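*Asks:* fold the following.
(one chain, ligands or ions: 1)
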Amino acid sequence: MTRNVPLTPERFAEATQNCNVEIPYTSDISVLSEKTVIGSKTIENRLACQAMEGCDGNADGAPGELTERRYLRFAKGGAGIIWFEATACTEEGRANPRQLYLNRKNLDNFKSLVNKIRETAIRENGYAPLIIMQNTHSGRYSKPHGVAEPVIAYNNPLLEDSGPIEKSHIITDEGIDRIGEAMVNNSVLAEKAGFDGVDIKCCHRYLNSELLSAYNRGGRYGGCFENRTRLLRETVRNSMHAVSTDFIVSSRLNIYDGLPFPYGFGVSEKSGTDPDLDEPKRLVKELRGLGMQIINITMGNPYFNPHVNRPFSMGPYQADEHPVEGVARVLNGISEVHAAVPEIKVLASALSWLGVVSPNVAAAYIANGGFDFAGFGRMIFAYPDFAKDILTRGSLDSRKICIACSKCTEIMRTPGGTPGCAVRDPLYTEIYRKIKNSTK
Ligand SMILES: Cc1cc2nc3c(=O)[nH]c(=O)nc-3n(C[C@H](O)[C@H](O)[C@H](O)COP(=O)(O)O)c2cc1C
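*Replies:* Coordinates of the predicted model:
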């Protein structure tokens, strides 16, 4: 049974059957063109560019030339939502020296980029996308100067295979309070920069997401559910108070880490890495109670178990499951959480491996209430105008799709690498070739 993209509808059906997973499919994709309203904002269609970091900012954290190139391509592509990539709230919280970092000094650079995104989209498509900025602190994966400077919530032997990180890197409760304040300031700056909203990032094992599984930490941020979710809830609430009422405050949330208890959120306490979505449902309900209107849901840890986060055809290892099982885990997990909290709009993840069948699967989930928006990650690097093709020609072109080969991740993991699609975008084919030559 093939693990490789491109799939045909027949090979997709065969894979789901052989793997015994249920993923709905429909040939009627008209729902993807439907508008939605969130507060004062209208979203023109159900397709979204997921947050995809390019590690191509300038040293001061401002967007660089490649950043602008990427976003203007996405803007032309016609997606209803652009979820703008991880943007650090403090310099120490950057995941690499070229991660975007919004601050007072470079605010005008962000403003200019957001304006250009909007103007380009309106000129090209007649409408602007909703643009939400991801507000992050990289926590355990902080590398602001190119070497690891981890800020951890607790020691985790599964993620520290070369020996435990020194206790001095465990952040104090007061340190967490300060990061919460920095995130709120970053939310305020995001509004000033012209974004439509902000995402208090709580996924992929960065600081906020690691706290969700800090079962054995003491103090105000560890132990019980209330403490483990405190940074997220308080940062969301304080951001909502600090910005104007029509500015959206959202979160990209891991509902399942794929790490066993007591090291993972959304996992069963009794059986290995089996999902248990009770706490994630409770958290989404509480976020909705705070007034959150849209949430972006994801799973996994891109450093530890990337096949959970981004099911791939080729990657750093052969996963012990078929990629279609990974896709089903994410999409059905998202649907389960949405069914428990139907009042919140949900943006889904992990559709890229589905290739040409992704519009049909996305439309089926949206039509049956599984989620509201279909988010595409790796696909947008390969095929920035994916949305336009889905909306106007009714399908994706198999010669343009992401083949889930993991080369973008490979570039990202190379120090100084600026990820993009090495298969479909000649500029990045060259970047990838240079990286391969330099590591020979
Ligand atoms: C190169 C690269 C950069 C990424 N950057 C971000 C990011 O900035 N923020 C984030 O939440 N997820 C990030 N992701 C994860 C994607 O948003 C997405 O969850 C993942 O690729 C699965 O979706 P897909 O199957 O559509 O690719 C990144 C993934 C890749 C491969």
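
*Asks:* and Asp276, how many neighbours?
*Replies:* If you count neighbours by other C-beta atoms under 10 Å, Asp276 ends up with 17. For the C-beta atoms, the positions are set from N, CA and C on the backbone; glycine is no exception.

*Asks:* which ones are touching Asn18?
*Replies:* Applying C-beta atoms under 8 Å, 6 or more residues apart in numbering to Asn18 gives the contacts Met1, His322.

*Asks:* what's the spacing between it and Arg399?
*Replies:* Distance, Asn18 to Arg399, by C-beta to C-beta, to the nearest Å: 27 Å.

*Asks:* check Pro323 too.
*Replies:* Taking C-beta to C-beta, one finds Pro323 at 21 Å from Arg399.

*Asks:* the two: who's more crowded?
*Replies:* Pro323 (25 against 8).

*Asks:* what pLDDT does the closest residue to the more buried one other than its chain neighbours get?
*Replies:* The shortest distance from Pro323 to any non-neighbouring residue, by C-beta to C-beta, 6 or more residues apart in numbering, is to Pro311 (3.7 Å). On the pLDDT scale, Pro311 is placed at 98.

*Asks:* Pro311 - that's part of a strand, no?
*Replies:* No. Counting by DSSP: H, G, I helix; E, B strand; the rest coil, Pro311 is not found in a strand; it is coil.

*Asks:* wait, it sits on Leu331?
*Replies:* No. The pair Pro311 / Leu331 is not scored as a contact, 10.4 Å apart, by C-beta atoms under 8 Å.

*Asks:* list residues touching both of these two?
*Replies:* Ala350.

*Asks:* Pro164 and Thr414: what is the separation?
*Replies:* From Pro164 to Thr414 the distance is 27 Å (C-beta to C-beta).

*Asks:* the two: which has the busier surroundings?
*Replies:* Thr414 (18 against 11).

*Asks:* what's the spacing between the residue nearest to the more buried one when sequence neighbours are not counted and Leu211?
*Replies:* Excluding the flanking residues, the one nearest Thr414 by C-beta to C-beta, 6+ apart is Ile435, at 5.0 Å. Ile435 sits at a distance of 34 Å from Leu211 (criterion: C-beta to C-beta).

*Asks:* Lys345 too?
*Replies:* Counting by C-beta to C-beta, the gap from Lys345 to Leu211 is 25 Å.

*Asks:* ok, the two, which is more surrounded?
*Replies:* Taking neighbours as other C-beta under 10 Å, Lys345 and Leu211 compare with Leu211 leading, 24 against 19.

*Asks:* would you agree Phe84 falls within a helix?
*Replies:* No. Phe84 is assigned strand when assessed by three-state DSSP, not a helix.

*Asks:* touching, it and Phe195? I think so.
*Replies:* Yes. Under the criterion of C-beta under 8 Å, Phe84 makes contact with Phe195 at 6.7 Å.

*Asks:* pLDDT score for the residue nearest to Thr414?
*Replies:* pLDDT, Ile435: 95.

*Asks:* so it: helix, strand or coil?
*Replies:* helix.

*Asks:* what about it, distance to the ligand?
*Replies:* 13 Å (C-beta to the nearest ligand atom, to the nearest Å).

*Asks:* show me what contacts the residue in the stretch 301-440 of the chain positioned nearest to the ligand?
*Replies:* In the stretch 301-440 of the chain, no residue comes nearer to the ligand than Gly377, which is 2.9 Å away by C-beta to the nearest ligand atom. Contact analysis of Gly377 by C-beta under 8 Å, 6+ apart lists Gln50, Ala51, Met52, Arg310, Ser349, Ala350, Ser352.

*Asks:* what's the answer for Ser168, then?
*Replies:* Neighbours of Ser168 in contact, by C-beta under 8 Å, 6+ apart: none.

*Asks:* what helix or strand is the residue minimising distance to the centre of the chain on?
*Replies:* Centroid-nearest residue in the chain, with C-alpha atoms, centre = their mean: Ala51, separated by 4.8 Å. Counting by DSSP states H and E, there is no helix or strand that carries Ala51.

*Asks:* ok, it touching Ile81?
*Replies:* No. Judged on C-beta under 8 Å, Ala51 makes no contact with Ile81 at a distance of 10.6 Å.

*Asks:* which parts of the stretch 251-400 of the chain are strands?
*Replies:* 252-256, 294-299, 345-348, 373-376 (DSSP state E, counting those that start in this stretch).

*Asks:* the ones you listed: which one's closest to Glu34?
*Replies:* Nearest to Glu34 among those is strand 373-376; the distance by C-beta to C-beta comes to 10.5 Å.

*Asks:* for the closest one, name the packing helices and strands.
*Replies:* strand 47-49, strand 81-88, strand 345-348, helix 358-367 (3 or more C-beta pairs under 8 Å, 6 or more residues apart in numbering; DSSP states H and E).

*Asks:* switch the cut-off to 10 Å
*Replies:* When contacts are defined as 3 or more C-beta pairs under 10 Å, 6 or more residues apart in numbering; DSSP states H and E, strand 373-376 packs onto strand 47-49, strand 81-88, strand 294-299, strand 345-348, helix 358-367, helix 386-392.

*Asks:* now the fifth one: buried residues?
*Replies:* Read that as helix 358-367. Ser358, Pro359, Asn360, Val361, Ala362, Ala363, Ala364, Tyr365, Ile366, Ala367 (16 or more other C-beta atoms under 10 Å).

*Asks:* ok, the third one next?
*Replies:* By 16+ other C-beta under 10 Å, the buried positions in strand 294-299 come out as Ile294, Ile295, Asn296, Ile297, Thr298, Met299.

*Asks:* how about those residues in JSON lines, adding pLDDT and distance to the ligand?
*Replies:* Below are the buried residues of strand 294-299 laid out as JSON lines (pLDDT from 0 to 100; distance: C-beta to the nearest ligand atom, whole Å):
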{"residue": "Ile294", "pLDDT": "98", "distance to the ligand": "15"}
{"residue": "Ile295", "pLDDT": "99", "distance to the ligand": "13"}
{"residue": "Asn296", "pLDDT": "99", "distance to the ligand": "8"}
{"residue": "Ile297", "pLDDT": "98", "distance to the ligand": "10"}
{"residue": "Thr298", "pLDDT": "98", "distance to the ligand": "5"}
{"residue": "Met299", "pLDDT": "98", "distance to the ligand": "8"}
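
*Asks:* okay, now the nearest residue to Glu53 once chain neighbours are set aside: neighbour count?
*Replies:* Excluding the flanking residues, the one nearest Glu53 by C-beta to C-beta, 6+ apart is Glu85, at 4.4 Å. Close neighbours of Glu85, defined as other C-beta under 10 Å, add up to 23.
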